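**Q** What follows is a predicted protein model with its sequence.
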Amino acid sequence: MAGVITVRLPDGSTKELPAGTTALGMASSIGKRLAAAAVAAVVDGAEVDLDTVLPDGAEVAVVTADSDAGRTVLRHSTAHVLAQAVVDLWPGAQYAIGPAIADGFYYDFSLPGGATFSDDDLEQITTKMRAIMAEDQPFVRQEHAIDEGLALFADQPFKREIITGVAGDSALQAEASADFVPDAAVVTTYRNTDSFVDLCRGPHVPSTGRLGHFALQRVAGAYWRGDEKRPQLQRIYGTAWESDKALAEYLTRLEEAERRDHRRIGAELDLFSFPSEIGSGLAVFHPKGAAIRRLMEDYSRQRHEAGGYQFVYSPHITKADLFEISGHLQSFAEGMFPPIEIDEGQSYYLKPMNCPMHILIFRSRQRSYRELPMRLFEFGTVYRYEKSGVVHGLTRVRGLTMDDSHIFCTRDQMAGELDSVLTFVLDVLRDFGLDDFYLELSTRPEGKAVGSDEDWHDATEALRAAAQDKGLELVMDEGGGAFYGPKISVQARDAIGRYWQVSTIQLDYNLPARFGLEFIGADNGRHQPVMIHRALFGSVERFFAILLEHYAGALPTWLMPVQVVVLPVRDDHNDYAETVADSCRKAGVRATVDIADEPLGARIRRWKMEKVPYILVVGDDDANSSTVGVNARGSERPDRGVGVDAFVAAVVAEVESKGSPEIRRDSAAGAAGR
RNA sequence: GCCGGUGUGGCGCAGUGGCAGCGCAGGCGAUUUGUAAUCGUCAGGUCGUGGGUUCGACUCCCACCACCGGCUCCA
C-alpha cells in the first residue's frame, strides 16, 4: 500500500512507518529516550544523518551517543564546531582536516600570517564553541559537483586539495584522508551558517545543540597529511562525550594514567633519573631502581639458561665496516650516533644493534649442524640517535639495553624453534604479571624486501602457525615487516587497558647472506642457517617502565627491593624487631628494621609511600608471644597477632608464586567472608 | 628535526623591572610512640646555561641546553 514502508530493525523485527519517515522519526516512534540519544543512523549498512528519509525495505539501526559509533559522530561534529569557532576568531584561517580519533578529535589549521595557537587561546575558543552550541545551529548536508566544490572552497587550499584528490585517484585519497571517503564525482558538505561550511562525508548530529560535553586539551604542530616535507599546521586536540559524566570519567582516567606515569613514579620512589649533564635520553639507575632491574635481569638469565641459551658479551663500539656489511649504515645511519674518527680515517660507531656481533661469534669458526639451534643471548646495551623531540622517559631513550637473542638454526628447525621461542616469551612475560596479549604478524613490505618469495612465504607461515598455536588473537600488519624478514610482535595489555608492544620475534634472510653464514650439514655440504632475532623485554629500560605503569609502582613482592619492614613500637622493641627481620632474612626475604625514633604513624606512612609489600609492627604483645602485626600493602586494616613463622612462610610462598599482597588479601578476604 | 609550552633549594610550588619566599624532604634537639604526617630549631638557591637591554633583570630580548604535549621517525 502506498504511504507505508516497512523497515527491518537490528533485532530482526520489522516496523511499518508512513512513507517519508526519517531515521529520527523512526527512533521517535520506538521511544522518546531512543530519539533523544540518537545522533545518526545506519541505513542498509551506511552511516547517515538522522534526517535521512528511509526507503521501503531498509535495514535501519539507530546510532546512539553512548556507543562507539555515536561518540565518533559527536566528536566529528564537535571538531566542526571547533573549526567554525577558530575561523570566526581568526578571520582568514584555513582549515584542513578534523577527524574523530580514539577518545577525542582534532582539527588542523593554518592561521593567517603564520600565527600559532598558544594554550591560552583554548579558553576563548571553548567559549566561542559553547556559544555556537547554544545557538543550536543545524548541520545541513549538501552535495556538489567537483567544480562547485572547488568554487565553494576557493580560499581553502587544503579543502581544494582534498576535492582534487576526489576527482583523481579515489582509493588513494581515501587512504590519505581518513576524514573523507570520496564518492564518484560528488563531494558533500555540511553547512552550519552562511559563514561556515565544511567538506565532510558525515554523518553529523542534527544540530550543534546536541553537543557540549567536550574539552579542548592542547595545541600541537602537525604536518599536513603527516608529511614532514609539507607545511606544518596548527592542531588542536579535544575530547567529547555523550554526557558530562562520561567526560568526567574520561578525564579521571587520564589522571589515573598520569598517576601511573613511570617518570613520576621513578622520581617518587627514587629509582632512576636523567641528569641533563649526561645528555638527553640517557638514564642512570639509582640503588633502588637498580635493585629492581637486577631482579628482573637475574630472573631473565635464570630462565634463559634453563631455556638452552648461551650467554655472550660484545663491545659497545665497532669499526664502520661491520655496519656496512650488515647494511645498517646504508639504511639507518641517521639513527646512529655520528662516528668517532681515529687512526687516520678509521671510523668507529656506537652499536645500534647487537646482531652483527652475535653473527661474528657464530662465524668465528666452522659450525656443524649438530650445534644448531644455537641460541646466543646478551643484555646488550645499544645507542641510537633518537631525534630530540622523541625521547620519552625510559620508553624512548638514546641508550638502552636489549635482552637480545639471536638464534641460528636450520631451515627444518625453523618452525619448531619459532614455536618454542614464542612459548618461552609468553611464559616469561606471564611471570612478570602480564597475561593479556594479542599477537601482531607483520608481513612482507612492498617492493623493498630481500629474499625469495618462497622464503617469505615459508617464514610467514611458520610465524603464523606458531602464533595460531597459542590461541591468542592474531592481528595482521600487512606489509609492516622489515625488508629482511617477517615478524611477530607480542602486545601486552596493562592494568588500565593500554597495550604495549613488548617482545618481537623476527626472521632474517638478509644478514646470514650478507655475512656469508654457513654450517656443515649432515650431508657434509655447506648450508646457510636461518636467523631469528628475538627480544623478550624488548628494551630492559622500557620494560621496567611498563611494569611500573602496569603496577602503578606497587610491584609484586618478588621484584621489590625491600619486601618487609619491621617497625618496633618503642625503642625497647628494637631488639625483637631485629629478631623478626633476621627470621625473614634467613628465609631469603629482604627485610629491614626502622627503629622507633619517630611516631609509629609517621613511619608507617613513609613505608606505605614506598609501596613496601609488608609493614610489620611489633610491640609488647608481639615480643611476648613471637607474633607480628601485619600491615599488608593495599589493605585497610592490619592483621594483629600473626605468628612470625607463619608470616615468613606466607611471604616465601608469595615470592615463589610471584604474587602481590593485594592479590593474597583478596583471596584471604574471600575466604574470611564465608 | 618541526610546532606549542615549561625551567625558582632534593621534591612540589609562589613570586609581572627595585632586599628570592612557602610547604614537604634534610641536619640538630626534645618527644618513647600499636597502624598513613609529634614539636621546636637550623641549614640549604649566582632563579637551566651563555649573551644582551637597563641605574637596576627571576622578571624584558637573543642563542643554547633540558624537560612536557604533539607531528615526523622508531632497524
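**A** That came in fine, so what should we check first?

**Q** Mind listing the residues bridging to residue A:440?
**A** Note on residue A:440: beta-bridge partners by DSSP bridges are residue A:475, residue A:489.

**Q** In contact with it, which residues?
**A** Going by Cβ atoms under 8 Å, 6 or more residues apart in numbering, residue A:440 touches A:474-477, A:480, A:488-489, A:491, A:501. Using the backbone N, CA and C atoms, a C-beta is placed for each residue, glycine as well.

**Q** If you rank those by neighbours, which is first?
**A** Counting neighbours by other Cβ atoms under 10 Å, the top entry in these is residue A:488, with 28 neighbours.

**Q** Show the pLDDT at that residue.
**A** Looking at residue A:488, its pLDDT stands at 95.

**Q** Residue A:581 contacts residue A:595, doesn't it?
**A** No: under the criterion of Cβ atoms under 8 Å, residue A:581 is not in contact with residue A:595, lying 11.1 Å apart.

**Q** and these two? which has more neighbours close in?
**A** residue A:581 (20 against 14).

**Q** Find the nearest non-adjacent residue to that one, please.
**A** residue A:591 (4.2 Å; Cβ to Cβ, 6 or more residues apart in numbering).

**Q** Would you enumerate the residues in contact with the one you found?
**A** A:562-566, A:580-581, A:584-585.

**Q** where's the closest residue to residue A:88 other than its chain neighbours relative to RNA strand B, distance?
**A** Computed as Cβ to Cβ, 6+ apart, the closest residue to residue A:88 that is not its neighbour in sequence is residue A:128, at 6.1 Å. Distance, residue A:128 to RNA strand B, using Cβ to the nearest atom of the strand, to the nearest Å: 19 Å.

**Q** right, and the helix or strand after the helix or strand bottoming out on mean pLDDT in chain A?
**A** Lowest on mean pLDDT, DSSP states H and E among the helices and strands of chain A sits helix A:170-176, with a mean of 42. Per DSSP states H and E, helix A:170-176 leads on to strand A:186-193 as the next helix or strand towards the C-terminus.

**Q** pull the CA atoms of the helix or strand just after that following strand into CSV?
**A** Note on strand A:186-193: by DSSP H and E, the next helix or strand toward the C-terminus is strand A:196-199. Extracted C-alpha coordinates of strand A:196-199, given in CSV (Å, rounded to 0.1, in the frame of the first residue of the first chain):
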residue,chain,number,x,y,z
PHE,A,196,30.7,28.3,7.8
VAL,A,197,30.7,25.2,5.6
ASP,A,198,33.0,22.2,5.8
LEU,A,199,33.8,19.4,3.4
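
**Q** What is the distance between strand A:196-199 and the centre of its chain?
**A** 34 Å (Cα atoms, centre = their mean, to the nearest Å).

**Q** List, one by one, the residues from the stretch 151-300 of chain A near RNA strand B.
**A** Within the stretch 151-300 of chain A, the positions lying close to RNA strand B (Cβ under 7 Å from any atom of the strand) are A:218-223, A:226-228, A:232, A:234-235, A:237, A:261, A:263, A:267, A:274, A:276, A:279-281.

**Q** rerun that using 6 Å as the cut-off
**A** Within the stretch 151-300 of chain A, the positions adjacent to RNA strand B are A:218-223, A:226, A:228, A:232, A:234-235, A:263, A:267, A:274, A:276, A:279-281 by Cβ under 6 Å from any atom of the strand.

**Q** Filter those residues down to the buried ones and hand me the PyMOL line.
**A** Of those, the buried ones go into a single PyMOL selection, burial set by 16 or more other Cβ atoms under 10 Å:
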select buried, chain A and resi 219+222+234+235+263+274+281
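
**Q** any idea of the mean pLDDT in stretch A:239-257?
**A** 92.

**Q** what residues does it touch?
**A** Contacts of stretch A:239-257 (Cβ under 8 Å, 6+ apart): A:37, A:64-66, A:70-71, A:74-75, A:78, A:103-105, A:211, A:213-215, A:217, A:496, A:498, A:549.

**Q** run the last query once more with 10 Å
**A** A:37, A:39, A:64-67, A:70-79, A:81-82, A:100-106, A:210-217, A:494-498, A:549, A:552 (Cβ atoms under 10 Å, 6 or more residues apart in numbering).

**Q** about what we covered before: let me have the contacts of residue A:591 in TSV, extended by distance to RNA strand B, secondary structure and pLDDT.
**A** Shown next, in TSV, are the contacts of residue A:591 (distance: Cβ to the nearest atom of the strand, whole Å; DSSP: H, G, I helix; E, B strand; the rest coil; pLDDT from 0 to 100):
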residue	distance to RNA strand B	secondary structure	pLDDT
A:562	16	coil	95
A:563	16	coil	97
A:564	13	strand	97
A:565	11	strand	97
A:566	11	strand	97
A:580	11	helix	97
A:581	15	helix	97
A:584	16	helix	98
A:585	20	helix	97
